[in-house]
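*Asks:* the sequence and its predicted three-dimensional model are supplied below.
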Amino acid sequence: MSSDALKLYNTLTRAKEEFRPLDAANVRMYVCGPTVYDDAHIGNARPLIVFDVLFRLLRHVYGESHVAYVRNITDVDDKINARAAERGVSIRELTEETNAIFQDDAKALGCLEPTAQPRATEHIADMIAIVEKLIAGGHAYVADGNVLFDVPSWKEYGGLSRRPLDEMLAGARVDVAPYKRSDMDFVLWKPSKEGEPAWDSPWGRGRPGWHLECSAMSWRRLGEVFDIHGGGVDLVFPHHENEIAQTRCAFGHKVMANYWLHNGFLQVEGEKMSKSLGNFVTIHELLTSWKGYSWPGSVIRFAMLQTHYRQPIDWTLARLEEASVRLSEFRARAYTAPVCEPSRRLIEALSDDLNTPEAIVELNRLFDDLKRHPLDWEKAGELKASCEFLGLNIGQVDLNQMLRAARGDLDETLIERQISARHAARAAKNWAESDRIRDELARLGVALHDNKDGRTTWEVRR
Ligand code: AMP
Ligand code: ZN
């Protein structure tokens, strides 16, 4: 293994492996997306951010046009039906509204748009096609208007989660039904009651089971076998186990995806997040108001990346505050820097199973260097490009953040930097930029005076 090769921890083999795509000209990744019935919470932000970092890294290694990232939208699910009924809105209204908020959240968190975001309801015909293949192959049966996957028909079931059979059986007993041949069998297709979403199928009007949705969307968008499949660690069993069973039995390959990646869980202030504990926090709340502040998406993202993606995260106010201060310091030093290449050490850290804590050590190292050599624009550019590689935008000043970082005092270095940037803009006859900088400082209470000798001085007017 060469030191700069991309290595990823594969849940399938329980080992860190060198990543070798099936086709370097078409690298394919599928990540389970949200079920759109409620605002996404801060735990849901974790896979969003983690797999966005991987997407960026893959694009860097293989070229932007050679990477396909599919993140689905689950818009048919019992939780959706229940919530729509509760709120007295149509299913379509609920899923559209929730998805719109989700898209805004993802953007605010600095996530690139995936190559495709298929909706389950656009792929019903593909789901039916998979079920037909499974029945034909002896891996599924019809019972009482339901179609079930016949788990004992496939000896390799359980290969991903490596759970003992009795444990899987115990889990499956939660979902017993008289028509199941084995307690472990799971639903591929089920009949719909009056008022529930329904599609015609060879087994009557009904709707798909959740696991089937991802098998259909990944197949249609990425093929029968693809490179990377991701999601939170809670999805390993049963969701991903069942996706593998469906896809492999339908298409007959040795794998569904070669690399399975799972992010660790997030808890809040040491406790599992739940509505009843009152510590449930949505991304939208954080962005607008949490513990008295609105937290910019880049701060949330930076706070998240402090921990390696496979470790659990304890989400605390202190974590956010630290991230906020640190990012403002980076911004103050580097935001006007010219565009340049990200640090090689940063790429190396990320190539080692997305080691973001190590990548942040490198950001800190660049920052400390810059403090010693404040006029080293190359270094400033490297810090800026490295932040941007991680999806942390430090190119624009966020006034709120600047004030918070300076704890009420103005940052003189930053003002001097802005004055230099304004001089550069004026020299280039870019009057709009020069005015923008003057106005921005004015909003902070800093007035500029252009003196006869060409120097610009400033004073605070509050
Ligand atoms: P869901 O909408 O619950 O299916 O979750 C969408 C994604 O968020 C899945 O990849 C989950 O594994 C992940 N997820 C849900 N809760 C958490 C959490 N507390 N911490 C980390 N990831 C989570
Ligand atoms: Zn899925």
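*Replies:* Perfect, thanks for sending it. Ligands and ions are numbered 1, 2, ... in the order given.

*Asks:* what values do phi and psi take at the residue lying closest to residue 19 once chain neighbours are set aside?
*Replies:* Nearest residue to residue 19 in three dimensions, chain neighbours excluded: residue 6, at 4.4 Å (C-beta to C-beta, 6 or more residues apart in numbering). The C-beta positions use only the backbone N, C-alpha and C, and glycine is treated the same way. The phi/psi pair for residue 6 (degrees, to the nearest 10) reads phi -80, psi 120.

*Asks:* which residues of the stretch 151-300 of the chain fall in strands?
*Replies:* Under the criterion DSSP state E, counting those that start in this stretch, the stretch 151-300 of the chain carries strands at the ranges 186-191, 206-208, 226-232, 257-263, 266-268.

*Asks:* and those as JSON lines, adding distance to ligand 1 and mean pLDDT?
*Replies:* Below are the strands of the stretch 151-300 of the chain laid out as JSON lines (distance: least, C-beta to the nearest ligand atom, whole Å; pLDDT from 0 to 100):
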{"stretch": "strand 186-191", "distance to ligand 1": "16", "mean pLDDT": "97"}
{"stretch": "strand 206-208", "distance to ligand 1": "15", "mean pLDDT": "97"}
{"stretch": "strand 226-232", "distance to ligand 1": "2", "mean pLDDT": "98"}
{"stretch": "strand 257-263", "distance to ligand 1": "6", "mean pLDDT": "98"}
{"stretch": "strand 266-268", "distance to ligand 1": "4", "mean pLDDT": "94"}
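
*Asks:* related to what we said a few turns ago, counting neighbours, what do you get for the residue nearest to residue 19?
*Replies:* Taking other C-beta atoms under 10 Å as the neighbour definition, residue 6 ends up with a count of 21.

*Asks:* touching, it and residue 57? I think so.
*Replies:* Yes. Under the criterion of C-beta atoms under 8 Å, residue 6 makes contact with residue 57 at 7.0 Å.

*Asks:* now stretch 74-84: mean pLDDT?
*Replies:* Average pLDDT, stretch 74-84: 94.

*Asks:* ligand 2: which of the strands of the stretch 151-300 of the chain is closest?
*Replies:* strand 226-232 (6.1 Å; C-beta to the ion).

*Asks:* quick one: work out the angle between the closest one and strand 257-263.
*Replies:* Between strand 226-232 and strand 257-263, the angle comes out at 20 degrees (axes from the mean of the first three to the mean of the last three C-alpha atoms, to 10 degrees).

*Asks:* so for the protein, the centremost residue is which one?
*Replies:* residue 48 (0.9 Å; C-alpha atoms, centre = their mean).

*Asks:* contact partners for it?
*Replies:* Residues near residue 48 by C-beta atoms under 8 Å, 6 or more residues apart in numbering: 40, 105, 106, 109, 111.

*Asks:* one more time with 6 Å, if that's ok
*Replies:* Counting by C-beta atoms under 6 Å, 6 or more residues apart in numbering, residue 48 touches 106, 111.

*Asks:* tell me which element it is part of?
*Replies:* helix 45-62 (DSSP states H and E).

*Asks:* average pLDDT across that helix?
*Replies:* Over the span of helix 45-62, the pLDDT mean works out to 98.

*Asks:* just stretch 165-173 next, same as before
*Replies:* Averaged across stretch 165-173, the pLDDT comes to 77.

*Asks:* and what of stretch 423-442?
*Replies:* Averaged across stretch 423-442, pLDDT comes to 82.

*Asks:* centre of the chain versus it, how much separation?
*Replies:* 36 Å (C-alpha atoms, centre = their mean, to the nearest Å).

*Asks:* for residue 141, phi and psi?
*Replies:* When read as degrees, to the nearest 10, the backbone of residue 141 gives phi -140, psi 160.

*Asks:* contacts for stretch 281-296 next, please.
*Replies:* Identification of contacts with stretch 281-296 by C-beta under 6 Å, 6+ apart yields 39, 40, 41, 42, 45, 105, 108, 300, 317, 320, 398.

*Asks:* pLDDT weak spots in the stretch 251-400 of the chain?
*Replies:* Within the stretch 251-400 of the chain, the ranges that satisfy pLDDT under 70 run 396-400.

*Asks:* just the helices in it please.
*Replies:* For the stretch 251-400 of the chain, the helices defined by DSSP state H, counting those that start in this stretch cover 283-288, 297-305, 317-334, 344-351, 356-372, 377-389, 399-405.

*Asks:* nearest to residue 97, out of those?
*Replies:* Set against residue 97 and scored by C-beta to C-beta, the helices of the stretch 251-400 of the chain come closest in helix 283-288, at 12.0 Å.

*Asks:* then the closest one to PDB, C-alphas only?
*Replies:* Extracted as PDB, the C-alpha positions of helix 283-288 are listed here (Å, rounded to 0.1, in the frame of the first residue of the first chain):
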ATOM      1  CA  ILE A 283     -30.100  21.200  12.000                       C
ATOM      2  CA  HIS A 284     -32.600  24.000  11.300                       C
ATOM      3  CA  GLU A 285     -32.700  25.000  15.000                       C
ATOM      4  CA  LEU A 286     -28.900  25.100  15.200                       C
ATOM      5  CA  LEU A 287     -28.700  27.300  12.100                       C
ATOM      6  CA  THR A 288     -31.400  29.700  13.500                       C
END
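
*Asks:* quick check: buried residues in it?
*Replies:* Judged by neighbour count (16 or more other C-beta atoms under 10 Å), helix 283-288 contains these buried residues: 283, 284, 285, 286, 287.

*Asks:* stretch 35-52 and ligand 1 in contact?
*Replies:* Yes. Stretch 35-52 reaches ligand 1 (C-beta under 6 Å from any ligand atom) through 35, 43, 44, 46, 47.

*Asks:* near the fourth one, how many other residues are there?
*Replies:* Going back to what we said before, that points to residue 46. The number of residues packed around residue 46, counting by other C-beta under 10 Å, is 20.
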